[in-house]
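> give me the fold of what follows.
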Amino acid sequence: MSLKTSLSKVHKCKAPSITQTNGLSLKLSSFTIERFAPYTKLFNEKEWDFETKKKNRNAFYEWIKWIAENHPKVHAKLSKPIDILIATDTLSEGQNLQDADMVINYDIHWNPVRIIQRMGRIDRLGSPNKKIFGINFWPSNNINTYLNLQGRIEERMAAMKLAGAEVDHQFSETFAEIIQDESLDQKMNARMMKQMETTWDDIEVTDEGLGFDDLSLERYRQDLLEEFNKDKNKYLKMPKGVYTGFKADKTICNENGIIALLGYPARPSKKPDYDYQLFDLIYINMQGKTVLLNQKEILDALTVHKDKNRFVLDAIDRGDEDAIKGLVNAMQGWLNDQAVEIEKQSDGTEKK
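Numbering: from 1, shown residues only. Take a look at the predicted model:
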């Protein structure tokens, strides 16, 4: 659609979510999208008595003449087109909008898949456009330096490319340079190794091979998804904070302790649906010292014990204060050992 338009042809649309049942809102949204993408939403996706051998742009213009004579209400929509549609991220899924030839991302999502989904609304088979365009509004330099938003997204897209996913090579100038780098595979492996806080030397002493699935932890995600699909309702009803236990195989877990998944930053009070930005998987002993160094080792240990019977001391299940205190002290000891920032206060004291 042309960007040269009057203000009367600009429409703001908060596209309804899947769970929305307000019939008026759904009807309004459908009416808006049909005015924005009539070639797709009206001509292509609906059945008409209009006869044509092939649905293309030329047939579309003939159809408009036919509509004017046979369906005045539909023709009224075509007479008031919308050239620019301002929408929430909800519109990025489930809509065919190949009438349009440009997507402008004025907000950049952390997950590059969401950006790809948005472009996928207009980059579709049957598009009447010879070329389509994508424009991304990145934060100003000082903010982007702080967030490293562009760098994080480009690194994730590079990982997706290595895993075989289709990505837009022209997403940005720097991303185009990244994927042309012949050493991309080695660099991405090195980055993942850093995240796992281990080295190649640590891995080479084991008898296991190491592939991309190990570095990305995809094997464990698939295992979890399979288990989740066995009884979705049970897991959906579970609270977000749960605990259990097992008797450890000493060849795998050689110290009694705690395996925990920690969310960061801490959840504010009275926000049960809070989404954590980062997660940390740890295995510590009762003195708060790390037992296993990285996520893969911990997940391997859990995999060995996943079919074992639940075992938790009765005192802990009862909420005995002394028993719980030992666990709290272990966690507190681990937290105290992590990197901290000391800030000098105006009165000369230090704040950790």
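> that's a helix at Ile282, yeah?
No - assessed by DSSP: H, G, I helix; E, B strand; the rest coil, Ile282 does not belong to a helix; its assignment is strand.
> the closest residue to it other than its chain neighbours is in what secondary structure piece?
In this structure, Ile282 finds its nearest non-sequential neighbour in Ala260, 5.6 Å apart by CB to CB, 6 or more residues apart in numbering. C-beta here means a position set from N, CA and C on the backbone, and glycine is covered the same way. Assigning secondary structure by DSSP states H and E places Ala260 in strand 257-264.
> ditto for Lys250
Taking DSSP H and E as the criterion, no element holds Lys250; it sits outside all helices and strands.
> that one: neighbour count?
The criterion is other CB atoms under 10 Å. On that basis, Lys250 has 9 neighbouring residues.
> swap in Glu218?
Counted with other CB under 10 Å, the burial measure for Glu218 works out to 13 neighbours.
> and it, what's its pLDDT?
According to the per-residue confidence, Glu218 scores 72 in pLDDT.
> looking at this, Lys325 is in a helix?
Yes - Lys325 forms part of a helix when assessed by three-state DSSP.
> related to what we said a few turns ago, what's near enough to touch the residue nearest to Ile282?
By CB atoms under 8 Å, 6 or more residues apart in numbering, the contact set of Ala260 is 281-282, 284, 331.
> by neighbours, which of those wins?
Among the contacts of Ala260, the one with the most neighbours (other CB under 10 Å) is Ile284, at 21 neighbours.
> got phi/psi on Gln222?
phi -70, psi -40 (degrees, to the nearest 10).
> please report how far it lies from Ile252.
Computed with CB to CB, to the nearest Å, the distance linking Gln222 and Ile252 is 21 Å.
> what about those two, which has more around it?
Neighbours of Gln222 and Ile252, each counted by other CB under 10 Å, are more numerous for Ile252; the result is 14 against 11.
> pretty sure the more buried one sits against His305.
Yes - with contacts counted by CB atoms under 8 Å, Ile252 reaches His305, the gap being 7.4 Å.
> gap between the two ends of stretch 242-261?
Across its full length, stretch 242-261 reaches 10 Å end to end, with CA to CA, to the nearest Å as the criterion.
> sticking with the residue in the chain sticking out farthest from the centre, tell me its helix or strand.
Distance from the centre of the chain peaks at Glu69, with 47.5 Å (CA atoms, centre = their mean). Glu69 is part of helix 57-70, with elements assigned from DSSP H and E.
> can I get that helix as PDB, trimmed to CA atoms?
As requested, the backbone C-alpha atoms of helix 57-70 are provided in PDB (Å, rounded to 0.1, in the frame of the first residue of the first chain):
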ATOM      1  CA  ARG A  57      -4.300  -8.100  -9.800                       C
ATOM      2  CA  ASN A  58      -6.000  -7.700 -13.100                       C
ATOM      3  CA  ALA A  59      -8.900  -9.900 -12.000                       C
ATOM      4  CA  PHE A  60      -9.100  -7.900  -8.800                       C
ATOM      5  CA  TYR A  61      -9.800  -4.700 -10.700                       C
ATOM      6  CA  GLU A  62     -12.500  -6.500 -12.700                       C
ATOM      7  CA  TRP A  63     -13.900  -7.800  -9.500                       C
ATOM      8  CA  ILE A  64     -14.200  -4.300  -8.100                       C
ATOM      9  CA  LYS A  65     -16.400  -3.300 -11.000                       C
ATOM     10  CA  TRP A  66     -18.500  -6.300 -10.500                       C
ATOM     11  CA  ILE A  67     -18.800  -5.600  -6.700                       C
ATOM     12  CA  ALA A  68     -20.000  -2.100  -7.400                       C
ATOM     13  CA  GLU A  69     -23.000  -3.500  -9.300                       C
ATOM     14  CA  ASN A  70     -23.700  -6.500  -7.100                       C
END
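> helices or strands up against that helix?
helix 72-79 (3 or more CB pairs under 8 Å, 6 or more residues apart in numbering; DSSP states H and E).
> C-terminal to the helix it packs on, which secondary structure element comes first?
Once the chain leaves helix 72-79, the next helix or strand it forms, by DSSP H and E, is strand 84-87.
> list the buried ones in that following strand?
Within strand 84-87, the residues scored as buried using 16 or more other CB atoms under 10 Å are 84-85, 87.
> next one: stretch 118-132
Along stretch 118-132, these residues count as buried under the neighbour rule (16+ other CB under 10 Å): 118-123, 127.
> so which of the residues you listed comes closest to Phe228?
Phe228 has its nearest neighbour among these in Gly120, at 26.1 Å by CB to CB.
> need the strands for the stretch 51-200 of the chain, in chain order.
According to DSSP state E, counting those that start in this stretch, the stretch 51-200 of the chain carries its strands in the segments 84-87, 102-105, 133-136.
> pull the helix or strand with minimum mean pLDDT from the protein.
Among the secondary structure pieces of the chain, namely its helices and strands, helix 200-204 has the lowest mean (mean pLDDT, DSSP states H and E), a mean of 48.
> against Glu34, how distant is Glu62?
Between Glu62 and Glu34 the computed distance is 19 Å (CB to CB).
> repeat for Gly333
With distances defined as CB to CB, the gap from Gly333 to Glu34 amounts to 62 Å.
> more neighbours, these two?
Neighbours per residue, other CB under 10 Å: of Gly333 and Glu34, the larger number sits with Glu34, 18 against 15.
> so for the more buried one, what's the pLDDT?
Looking at Glu34, its pLDDT stands at 87.
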